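> This is the structure alone, sequence omitted:
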């Protein structure tokens, strides 16, 4: 029985890592199309989203039966809760990656002179690296790596703010930049959200391994 | 023991409803400031966010100890999982409401002639109604009401798309509309996300009551 529970856990880990790998590929395809100026592989993103959504349902079903069958306690309970939360974050990363692809498609429909990139390719690289490291931290139960993901989120937010300020200037100066500016703004926002979800996953790894909830660090001590 | 579990469940329901009520108030304050042209009560949003974040941690702690103590099965297990997911959605609604307030503040810092509203007040009313009804559906285990929340999400998405098209035209025609247009675009996006989270909560109610997972309805049948 004990052995079997470990197999079920290993199966859940594999499915979550597969889901994360697909989501990572979706972001890569979207940002690659944007940077390369070619919409050719964007359709692949929508196919991958179906796979991510199917895994989302499968993981939740399996987490539910994991609870029902093993009545997990202590670290096994934290594993199941972390798996359930990660699953939700990965599904939303998939949604955001679809939005990146859609907005990249809108950008590529514009004349080349109206397309904008600014710091957004750097934001995409950072979001992909944060997601990959969050997944590695989960696979290896590596709290140090998880903490490094959380630290990088500030950089992602900074790049988004800078891009936004620059975009406002460009669009004000020339109305021809408005459609490209809006598409880029939305992509920057999607990538920022992907960074937030990668941060959530990293927090879930720390919770799973250490049993500590490190979210909302700025709250005053609870009166509870 | 059985009786006690019901009390713990009732306590969780109360906390989630309180959290949802606070989040609703946050959206109302942000959109009220935007429509009324007065930033006076926006600071209240940030105070409420602290409360929502504190409840977020408390609910997750209590869900964890609910699992550990009662080893719930069947509908009690679904309740605990739904509570955990709802908690995450409510916390994110709080985040989005903070963004609404920040962007409303940016809008109100502009000269009155550069402020824009378009269909965004309607989007705010709809998001608030969806959240309120999702919470009522949870409190009353009302699947019919939960389904009506899910149906209204299409209207929210439609209003967002129309506002976006209109904003692009306004900003292209006159660069003076760019800062207000961007602030309004971001608010529209925040409200759309709030509608998505209210939809998630409604789906969680249906899962809790009926044990059916109705997410991703467009997936082809699983091969699994």
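Thanks, I have it. Note that this is a predicted model, so its numbers are computed, not measured.

> thinking residue A:176 is in contact with residue A:115, fair?
No. Contact between residue A:176 and residue A:115 fails when scored by Cβ atoms under 8 Å: they sit 11.1 Å apart. For the C-beta atoms, the positions are set from N, CA and C on the backbone; glycine is no exception.

> Which pLDDT value does the model give residue A:224?
In the predicted model, residue A:224 carries a pLDDT score of 42.

> same deal with residue A:220?
Here, the pLDDT recorded for residue A:220 equals 73.

> How many residues are close by it?
By the other Cβ atoms under 10 Å in any protein chain shown criterion, the neighbourhood of residue A:220 contains 7 residues.

> Now do the SS call for it.
Under DSSP: H, G, I helix; E, B strand; the rest coil, the three-state class of residue A:220 is coil.

> ok, it - contacts?
With contacts defined as Cβ atoms under 8 Å, 6 or more residues apart in numbering or on different chains, residue A:220 is in contact with residue B:50.

> For it, give its distance to residue B:51.
Spatial separation of residue A:220 from residue B:51 under the definition Cβ to Cβ, to the nearest Å is 11 Å.

> pretty sure residue A:209 contacts residue A:141?
Yes. With contact defined as Cβ under 8 Å, residue A:209 reaches residue A:141; the gap is 5.0 Å.

> Name the helix or strand of chain A that has the lowest mean pLDDT.
helix A:2-36 (a mean of 95; mean pLDDT, DSSP states H and E).

> which helices and strands does the next helix or strand after that one pack with?
The helix or strand immediately downstream of helix A:2-36 is helix A:42-70, counting by DSSP states H and E. Under the contact criterion of 3 or more Cβ pairs under 8 Å, 6 or more residues apart in numbering or on different chains; DSSP states H and E, the helices and strands touching helix A:42-70 comprise helix A:2-36, helix A:74-108, helix B:74-108.

> and the angle for the second one with helix A:42-70?
Read that as helix A:74-108. Angle of helix A:74-108 versus helix A:42-70, following axes from the mean of the first three to the mean of the last three Cα atoms, to 10 degrees, is 170 degrees.

> now helix A:74-108 against helix A:2-36, angle please.
20 degrees.

> Same question for the last one.
What separates the directions of helix B:74-108 and helix A:2-36 is an angle of 30 degrees, with the same axes, to 10 degrees.

> For the next helix-or-strand element following helix B:74-108, buried residues please.
Beyond helix B:74-108 in the direction of the C-terminus, DSSP H and E gives the next helix or strand as helix B:120-140. Taking 16 or more other Cβ atoms under 10 Å in any protein chain shown as the basis for neighbour counts, the residues of helix B:120-140 that come out buried are B:120, B:123-124, B:126-131, B:133-138.

> What helices and strands are in contact with whatever helix or strand residue A:209 lives in?
Taking DSSP H and E as the definition, residue A:209 sits inside helix A:178-210. Judged by 3+ Cβ pairs under 8 Å, 6+ apart, the packing partners of helix A:178-210 are helix A:2-36, helix A:74-108, helix A:120-140, helix A:143-173, helix B:143-173, helix B:178-210.
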